[in-house]
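Peer 1: sequence unknown, structure follows:
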């Protein structure tokens with residue numbers, strides 16, 4: 001980082017602490033991408049916090065390597081999905097909708113694993129949820145970078161990260177409380193079900209806004225061509 005060339009326009013501004021802020025004109029799309037990123041990271045945090053213990057209970061084993069491998073699958077799948085996605089062009093809203101849907105599908109497998117005692121469902125759910133996380137988070141970050149005005153990017157990015165940590169902390173703490181009061185299975189089923197509902201809602205929001213934007217893009221082409229002529 002120290003060796004990177006610094007690109008700056010005009011005189012440097014004095015450093016000052018800044019609060020996370022979002023300009024009024026981008027708040028609606030900001031909350032859409034913030035909800036997406038927060039939801040997918042909350043789901044991944046579930047895999048890193050209580051799903052390993054959940055896996056141990058289903059398998060009837062205390063082998064930490066096995067439990068850790070299931071959690072690691074979600075991370076590896078997310079990494080692979082992001083690496084593939086970076087190599088192709090796509091539509092941010094469509095890919096976020098797909099990512100949220102895959103996340104919900106993967107969480108459904110994890111939730112269904114307890115009553116069936118199926119490690120295959122936990123494993124497949126981890127992989128599918130990880131792919132959904134990779135798709136949704138990467139494209140949410142890309143859309144945020146396009147939304148944020150250049151002079152406000154730091155403040156907007158800070159607000160975006162705050163959304164992620166708020167949802168991660170809320171869901172992880174809630175899972176711990178539910179696990180202490182009821183049981184580990186009940187905590188995974190309750191938190192997983194809420195995350196599935198939120199992810200499907202976010203997917204629907206992306207799909208609706210994507211369809212609404214498509215006619216405007218198609219209608220803008222003749223006007224821009226006429227302007228060039």
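Peer 2: Everything's here; your move. Computed from a predicted model, the values in this text were never measured in an experiment.
Peer 1: my guess is residue 193 meets residue 111, correct?
Peer 2: Yes: between residue 193 and residue 111 there is a contact under C-beta atoms under 8 Å: 6.4 Å. Glycine gets a C-beta too; all of them are placed from N, C-alpha and C.
Peer 1: between those two, who's got more neighbours?
Peer 2: Set side by side, residue 193 and residue 111 show more neighbours around residue 111, with 22 against 13, by other C-beta atoms under 10 Å.
Peer 1: Hmm, the more buried one is touching residue 194, no?
Peer 2: No: using C-beta under 8 Å, residue 111 makes no contact with residue 194, being 10.6 Å away.
Peer 1: which residues sit in contact with residue 103?
Peer 2: Residue 103 is in contact with 39, 40, 43, 128, 129, 132, 133, 136, 195, 199, counting by C-beta atoms under 8 Å, 6 or more residues apart in numbering.
Peer 1: Repeat that for residue 75.
Peer 2: Residues near residue 75 by C-beta under 8 Å, 6+ apart: 44, 47, 130.
Peer 1: What number of residues are in the vicinity of the first one?
Peer 2: Around residue 44 there are 24 other residues, counting by other C-beta under 10 Å.
Peer 1: pLDDT at it, what is it?
Peer 2: Per-residue pLDDT puts residue 44 at 95.
Peer 1: where does it land in three-state SS?
Peer 2: What DSSP: H, G, I helix; E, B strand; the rest coil gives for residue 44 is helix.
Peer 1: my guess is it contacts residue 131, does it?
Peer 2: No: using C-beta under 8 Å, residue 44 is not in contact with residue 131, being 11.6 Å away.
Peer 1: Can you flag the buried ones in the contacts of residue 103?
Peer 2: 39, 40, 43, 128, 129, 132, 133, 136, 195, 199 (16 or more other C-beta atoms under 10 Å).
Peer 1: Please convert those residues to TSV, extending it with distance to residue 14 and secondary structure.
Peer 2: Formatted as TSV, the buried ones among the contacts of residue 103 follow (distance: C-beta to C-beta, whole Å; DSSP: H, G, I helix; E, B strand; the rest coil):
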residue	distance to residue 14	secondary structure
39	37	helix
40	37	helix
43	41	helix
128	48	helix
129	44	helix
132	43	helix
133	39	helix
136	37	helix
195	43	helix
199	42	helix
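Peer 1: Not including adjacent chain positions, what is the nearest residue to residue 111?
Peer 2: residue 192 (4.2 Å; C-beta to C-beta, 6 or more residues apart in numbering).
Peer 1: How about residue 64?
Peer 2: The shortest distance from residue 64 to any non-neighbouring residue, by C-beta to C-beta, 6+ apart, is to residue 52 (7.7 Å).
Peer 1: swap in residue 73?
Peer 2: residue 126 (4.2 Å).
Peer 1: Widest-spaced pair of the contacts of residue 103?
Peer 2: Maximum pairwise distance among the contacts of residue 103 (C-beta to C-beta): 15.2 Å, between 39 and 128.
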